[in-house]
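Visitor: My questions are about this predicted structure, shown below with the sequence.
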Amino acid sequence: MESKASINSAPTPSQTHKIPGHSMPKDRDFLNHLEVYLAKRDGVDKLLKISRYATKIILASSALPETLPLTGRLKSFESSVGVSRKAFRLGKFVQDVNALRSSNFDSKQELVFSLIAYGGEGLYYFVEQFIWLTKSGLINGKHSRKLQKISAWTEFIGYFGSVSLKFRDLKRIGEDEACLESSIEIATVRGIGCEQEEEKMRKLREKKVMKKLSIVQDLADGLMALADIRDGKGLALGSFSVSCAGLLSALISTHKNWVSC
């Protein structure tokens, strides 16, 4: 599996309710910020994801002749980066286990969606460890196809739960936004200062944008998972469109990780 950027607003469902609602301080040193970003495994993973899917787009577009030596090197690079990315997922399923343990559910519906989201993603990361061991040669390669199918299905199911949770979050954000707008209007009519409310509104709208981006990311990753399930057969499941979805997901995830660190 290539996708997973996570189910939550940082690449996993565990962040479904923790999307950053603040901007990077304008006076923050770029290199210091970059150092913090690269110290996170998700940060490096998403940079690898960008490079991989940018390469896949070039290869899928047939812009380079098959006989060109560069084409072979790009294919080797793309394959190598794919295996390298799987190493970054070792033990990552633990975050989904902890997310479930620490979650408070407001309703049975939220409980079900959370179990689907966290459970699906957690199983996906767990299986990915064995896929990495298969591709690295420690486990017999005959198991590779079956493991990839299991991985694709668990990831796809996890995205269903993740997107459902995020639409619920958007609804709550919309309700909070409406309440704040009402408070600001009343304060304005009465001539009362409402700087705090306006700052809350700004952060709420930033959070809303990030949540929407996270949904787009999940849909893009879900498309890739579906392509793996169907072996690339079907409408919009071709190599080029799937690679574009992968690059879009990587760029969104990179932005979210950059803002959050």
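Guide: Thanks, I have the structure now. Residues are numbered from 1 along each chain as shown.

Visitor: Contacts only, for Ile150.
Guide: Contact analysis of Ile150 by C-beta atoms under 8 Å, 6 or more residues apart in numbering lists 123, 127. C-beta here means a position set from N, CA and C on the backbone, and glycine is covered the same way.

Visitor: Looking at it now. What's its pLDDT?
Guide: Note for Ile150: predicted pLDDT of 94.

Visitor: what does Tyr125 give?
Guide: So, for Tyr125, pLDDT stands at 94.

Visitor: for Asp106, same thing?
Guide: At Asp106, pLDDT is 82.

Visitor: Can you name the residues in contact with stretch 133-146?
Guide: Residues from elsewhere that reach stretch 133-146, judged by C-beta under 8 Å, 6+ apart: 83, 86, 130-131, 147.

Visitor: Make JSON lines from those residues and add distance to Gly234 to it.
Guide: Formatted as JSON lines, these follow (distance: C-beta to C-beta, whole Å):
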{"residue": "Val83", "distance to Gly234": "26"}
{"residue": "Lys86", "distance to Gly234": "25"}
{"residue": "Phe130", "distance to Gly234": "27"}
{"residue": "Ile131", "distance to Gly234": "23"}
{"residue": "Leu147", "distance to Gly234": "22"}
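
Visitor: which of those residues count as buried?
Guide: Taking 16 or more other C-beta atoms under 10 Å as the criterion, what is buried in the contacts of stretch 133-146 is 86, 130-131, 147.

Visitor: Nearest to Arg28 among those residues?
Guide: Of all these, Lys86 has the smallest distance to Arg28: 32.2 Å, by C-beta to C-beta.

Visitor: which element is the nearest residue to that closest one once chain neighbours are set aside on?
Guide: Nearest in space to Lys86, with sequence neighbours left out and distances taken as C-beta to C-beta, 6 or more residues apart in numbering, is Trp132 at 3.7 Å. Assigned by DSSP states H and E, Trp132 belongs to helix 108-135.

Visitor: starting at the chain centroid, how far to that helix?
Guide: 13 Å (C-alpha atoms, centre = their mean, to the nearest Å).

Visitor: and what of stretch 168-186?
Guide: 26 Å.

Visitor: before we move on, what about stretch 196-216?
Guide: With C-alpha atoms, centre = their mean, you get 18 Å for stretch 196-216.

Visitor: Quick check: the residue nearest to Lys86 touching Gly82?
Guide: No. Using C-beta atoms under 8 Å, Trp132 is not in contact with Gly82; the gap is 9.9 Å.

Visitor: The two - which one has more neighbours?
Guide: Counted by other C-beta atoms under 10 Å, Trp132 and Gly82 do not tie: Trp132 has more neighbours, with 21 against 18.
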